[in-house]
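# show me the folded form of this:
(one chain, ligands or ions: 2)
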Amino acid sequence: GAKWTYSGPEGEHHWPKHYPYCGGAFQSPINIQSELLRFDPTLRPIEIQNYNLSPNEQLTLGNNGHSVQISLPSKMHISSLHHRYTAAQLHFHWGSSSRQAGSEHTVNSKQYAAEMHVVHFNSDKYPNMSMAVDKSDGLAVLGVLVEVGEFNPAFEQFLKFINGIKYRDQRVQVPGFNIRALLPARLDEYYRYDGSLTTPPCYPSVLWTVFRNHVTISRKQFLALATSLYSSHAQDSAPVPLNGNYRKPQLADSRIVLVSFKE
Ligand SMILES: NS(=O)(=O)c1cc(-c2ccccc2)cc(-c2ccccc2)c1
Ligand SMILES: [Zn+2]
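Ligands and ions are numbered 1, 2, ... in the order given. Alright, predicted model coming up:
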């Protein structure tokens, strides 16, 4: 589709011109505020299958010009929702070296350094991601808030290859690793709401699960993420740094955010 960016004339305020859903309802991300929360005792712990990948498996690590993403094998899935949601890819949103705040979801207006999204599609009802992406029950995304702190060995499993994908459309193969280790310890504590893709075309097709607990990466790891990549192609004369790739919180309207935990 048409180009879109996170700032300037193709920035998020202009997205609805080419992508009407971006100006519609049920948009993500949102500011998760205490006043919006409602405890829901039916929210079960997230159960994931086959996230522990062998190093013999190869994953594609790529720079799509808007984020760094890792393709995921279809044996990985979420088994605790009403339908099976099969993993497709994971990617990140982050700030910059001068602004260490780049998460999409905020919690009581606190913006974290970065955010990871593990994208899954409803494989019970749709044959592939493309058929699921614009359906109201099509996608389930696991959101993980990332703070700068302790070094994270799991993040290092792909960050160590990031200089191989500096430019748009570059891809490298990396050995599989335990994707579960990228998630917080507790999969039973999370925020839940109906929302959208946070990038164009902004389809309102995402069941959002944002874990209550953040993970940490070291400052050096954050800088690797925030300063290694360009959104421009290798041959482009003017390299455009890739950072600040987060959409700002959208109006929650009358949406309630369900929580799986009491206090
Ligand atoms: N941020 S997100 O989770 O809502 C999201 C989901 C998907 C997505 C991926 C596969 C199937 C369907 C949707 C793609 C992106 C994306 C990020 C950067 C550049 C372009 C697209 C972002
Ligand atoms: Zn995302």
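# same question for stretch 19-28, mean pLDDT?
Across stretch 19-28, the average pLDDT comes to 98.
# buried residues in it?
By neighbour count on 16 or more other C-beta atoms under 10 Å, the buried set for stretch 19-28 is 19, 21-22, 26-28. (C-beta placed from N, C-alpha, C; glycine too.)
# next one: stretch 208-224 to chain centre, how far?
The chain centre lies 11 Å from the centre of stretch 208-224; the measure is C-alpha atoms, centre = their mean, to the nearest Å.
# hmm, it in reach of ligand 1?
No. Shown here: stretch 208-224 not in contact with ligand 1 (C-beta under 6 Å from any ligand atom), separated by at least 8.9 Å.
# same question, stretch 189-202
Yes. Using C-beta under 6 Å from any ligand atom, stretch 189-202 reaches ligand 1 at 197-199.
# highest neighbour count among those residues?
Highest neighbour count within the residues of stretch 189-202 next to ligand 1, by other C-beta atoms under 10 Å: Thr198, with 27 neighbours.
# just checking, that residue touches Pro29?
Yes. Counting by C-beta atoms under 8 Å, Pro29 is a contact partner of Thr198 at 5.5 Å.
# what sits in contact with each of the two?
104, 246-247 (C-beta atoms under 8 Å, 6 or more residues apart in numbering).
# up against ligand 1, what does this protein have?
Proximity of the chain to ligand 1 (C-beta under 6 Å from any ligand atom) is limited to residues 64, 66-67, 88-89, 91, 117, 119, 129, 133, 139, 141, 197-199.
# again, only this time at 8 Å
28, 64-67, 69, 88-89, 91, 93, 104, 117, 119, 121, 129-130, 132-133, 139, 141, 143, 196-200, 206, 245, 247 (C-beta under 8 Å from any ligand atom).
# give me the neighbour count for the closest residue to ligand 1 within the chain.
Across the chain, the shortest distance to ligand 1 (C-beta to the nearest ligand atom) belongs to His66, at 3.2 Å. By other C-beta under 10 Å, the residues close to His66 number 17.
# can you check the pLDDT for it?
You'll see His66 listed with a pLDDT of 97.
# quick one, strands of the stretch 151-263 of the chain?
Secondary structure of the stretch 151-263 of the chain (DSSP state E, counting those that start in this stretch): strands located at 171-175, 190-195, 206-211, 215-217, 257-259.
# most packed of the ones you listed?
Ranked by mean neighbour count, the strands of the stretch 151-263 of the chain are led by strand 206-211 with a mean of 24 (mean count of other C-beta atoms under 10 Å).
# any idea of the mean pLDDT in that strand?
Strand 206-211 comes out at a mean pLDDT of 98.
# check which helices and strands it sits against.
strand 139-148, strand 190-195 (3 or more C-beta pairs under 8 Å, 6 or more residues apart in numbering; DSSP states H and E).
# other SSEs contacting the first one?
Using 3+ C-beta pairs under 8 Å, 6+ apart as the contact criterion, the secondary-structure elements in contact with strand 139-148 are strand 85-94, strand 114-122, strand 206-211, strand 215-217.
# if you set the cut-off to 7 Å instead, what comes out?
In this structure, strand 139-148 packs against strand 114-122, strand 206-211, strand 215-217, with contacts taken as 3 or more C-beta pairs under 7 Å, 6 or more residues apart in numbering; DSSP states H and E.
# in CSV, list these along with distance to Val174.
Output for those, formatted as CSV (distance: least, C-beta to C-beta, whole Å):
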stretch, distance to Val174
strand 114-122, 16
strand 206-211, 24
strand 215-217, 17
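# as JSON lines, the helices and strands packed on strand 206-211 with distance to Gln235 and mean pLDDT would be great.
JSON lines is the format used below for these (distance: least, C-beta to C-beta, whole Å; pLDDT from 0 to 100):
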{"stretch": "strand 139-148", "distance to Gln235": "32", "mean pLDDT": "99"}
{"stretch": "strand 190-195", "distance to Gln235": "37", "mean pLDDT": "98"}
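# so which of those gets nearest Tyr51?
Closest to Tyr51 of the helices and strands packed on strand 206-211 is strand 139-148 (C-beta to C-beta; 10.4 Å).
# thanks a lot, catch you later.
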